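J.: Here you go, sequence then predicted model.
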Amino acid sequence: MSDNESKTNMGIIPMFASPLFVFPIENWSKHRKSILNLLPKIEPLNGISTDRTARGLKKELPHYKDVVLGIVEEQLEEFSKVVWQSKGVSEVNETQIGITEMWYRTDTAEAQYTLDNEGTVGWTAILYVDFDREIHYPTHFVAPMPRPDDGTIDKYEFPCDEGMLVIFPSSLAHMPGGMDPEENIKRTIVSFNMKTTPTDILDTIIFDIEEDNNDTE
């Protein structure tokens, strides 16, 4: 047996994976009411009510963000710890999460959906606030690469339920599931984008950007 043959381990090696963090939240009935009472009442457009503006235009988080983040605080702490440990750190004393955007969305059976992602923000979280598993279909996640044999693209549906927080890479393509049109019971989620930031940054560079003045006298 040659040296090369003795060092070769045959088998399947999973090179890449897209993690999906799933956190159930205790005492959900109480938290559900707290969030729903704070959400703004917005008239639906094409079956969708949302306070989300065009990406990048909103400069502040909504008024309900403290309540939402307070409810999922333990789950976010666990998530940030796992992310930090995945970088090779065995003991975690402190972590940071930066919330870059938050919005709510209420759908009816009239809503139409398209496949989308949040870009290279970092991570996206979905909190299922008002969700009936018997009527509302789960979020669809799409594999980042096609199958090598026939070029088809795998889809994954996690059997989510009300009072669950799921977190996934923001670049992962996903789409809300529909709902039973005969029931037509509203579904409400709160979503937010976030970045995980190492606490032992060695240096920080700050750039002062001067505004261009193109006005002519």
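T.: Received, thanks.
J.: helix or strand for the residue nearest the centre of the chain, which one?
T.: Nearest to the mean C-alpha position of the chain, by C-alpha atoms, centre = their mean, lies Thr124 at 2.2 Å. In this structure, Thr124 sits in strand 123-130 according to DSSP states H and E.
J.: How far away from the center of its chain is that strand?
T.: Mean-position distance between strand 123-130 and its chain equals 6 Å (C-alpha atoms, centre = their mean, to the nearest Å).
J.: related to what we said a few turns ago, what bridges to the residue nearest to the centre of the chain?
T.: Phe168, Asn193 (DSSP bridges).
J.: Number the residues from 416 up from this point.
T.: I'll keep to 416 as the first residue from here, and by that count the last item is Thr539.
J.: That one: what's it in contact with?
T.: Contact analysis of Thr539 by C-beta atoms under 8 Å, 6 or more residues apart in numbering lists Glu533, Ile582, Phe583, Pro584, Ser585, Leu587, Ser606, Phe607, Asn608, Met609. From N, CA and C alone the C-beta is placed, and that goes for glycine too.
J.: in the strand holding Thr539, what's buried?
T.: Trp538, Thr539, Ala540, Ile541, Leu542, Tyr543, Val544, Asp545 (16 or more other C-beta atoms under 10 Å).
J.: for that strand, what is the average pLDDT?
T.: In this model, strand 538-545 has an average pLDDT of 97.
J.: ditto for stretch 599-607
T.: Taken as a whole, stretch 599-607 has a mean pLDDT of 93.
J.: Please tabulate the contacts of Thr539 in TSV, including the columns distance to Thr567 and neighbour count.
T.: Output for these, formatted as TSV (distance: C-beta to C-beta, whole Å; neighbours: other C-beta atoms under 10 Å):
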residue	distance to Thr567	neighbour count
Glu533	24	20
Ile582	27	24
Phe583	21	21
Pro584	21	18
Ser585	24	19
Leu587	18	18
Ser606	28	18
Phe607	32	24
Asn608	29	19
Met609	32	22
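J.: ok, which pair from those is furthest apart?
T.: Pairwise distances across the contacts of Thr539 peak at 15.3 Å for Leu587 and Phe607 (criterion: C-beta to C-beta).
J.: Any idea which helix or strand in this protein has the lowest mean pLDDT?
T.: helix 418-422 (a mean of 57; mean pLDDT, DSSP states H and E).
J.: For His589, give its distance to Gln511.
T.: 25 Å (C-beta to C-beta, to the nearest Å).
J.: of the two, who's got more company?
T.: Shown here are His589 and Gln511; by other C-beta atoms under 10 Å, His589 has more neighbours (22 against 12).
J.: okay, the closest residue to that one other than its chain neighbours: pLDDT?
T.: Leaving aside its sequence neighbours, His589 sits nearest to Phe556 (C-beta to C-beta, 6 or more residues apart in numbering; 5.0 Å). Looking at Phe556, its pLDDT reads 95.
J.: Quick check: phi and psi on Phe556?
T.: The phi/psi pair for Phe556 (degrees, to the nearest 10) reads phi -110, psi 140.
J.: show me the residues around it that make contact.
T.: Applying C-beta under 8 Å, 6+ apart to Phe556 gives the contacts Ser433, Leu435, Lys570, Tyr571, Glu572, Phe573, Phe583, Leu587, Ala588, His589.
J.: Thank you, goodbye.
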